[in-house]
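Visitor: Need a 3D model of the sequence below.
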Amino acid sequence: MKLSDEQMRAALQKAQAEKEAGTVPEFSTMWAIAENRARERRRRRGMVAGSVAVLALAVVMLMPSGDDLHYINTAELLETTSWAAPSDILMPEHQYDIYGEIPVLIESTETYGGALL
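Guide: Take a look at the predicted model:
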């Protein structure tokens with residue numbers, strides 16, 4: 001014996017309601033939890049931003065002034081740095097020329113004479 005669609009829908013709703021009885025929290029409870037989480041995230045972000053600001057201020061305060069940099073010879077630093085290109089041995093080998101070695105494809109139909117369907 002088959003149940004009609006309405007009877008099956010009602011039986012499913014009843015079974016689902018019995019299964020979820022007492023397990024689904026109220027909306028206001030979930031909303032309060034979400035607000036608390038958002039408040040905590042904002043507080044943590046504020047603490048991180050404040051810590052970064054204090055650290056940046058400490059670094060700026062502890063940095064040496066421009067007078068301490070007279071021991072560095074800028075010209076010597078810039079002139080002793082050099083770069084050389086790698087040799088041809090390190091470059092990949094030429095295997096094929098994609099533009100010159102494309103194989104000729106044999107066409108199965110003639111291209112003139114109308115559309116191919």
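
Visitor: Tell me which helix or strand comes right after the helix or strand hosting residue 56.
Guide: Following DSSP states H and E, one finds residue 56 within helix 27-62. As assigned by DSSP H and E, the chain's next helix or strand after helix 27-62 is helix 74-79.

Visitor: can you list the weak-confidence ranges in the protein?
Guide: Flagging of the chain using pLDDT under 70 yields the residue ranges 1-3, 64-70, 88-89, 91-92, 94-117.

Visitor: Remind me what the helix holding residue 56 packs against, helices and strands.
Guide: If contacts are counted by 3 or more CB pairs under 8 Å, 6 or more residues apart in numbering; DSSP states H and E, helix 27-62 sits against no helix or strand. C-beta here means a position set from N, CA and C on the backbone, and glycine is covered the same way.

Visitor: and residue 48, how many neighbours?
Guide: Look at residue 48: counted by other CB atoms under 10 Å, it has 10 neighbours.

Visitor: Many thanks, I have nothing further to ask.
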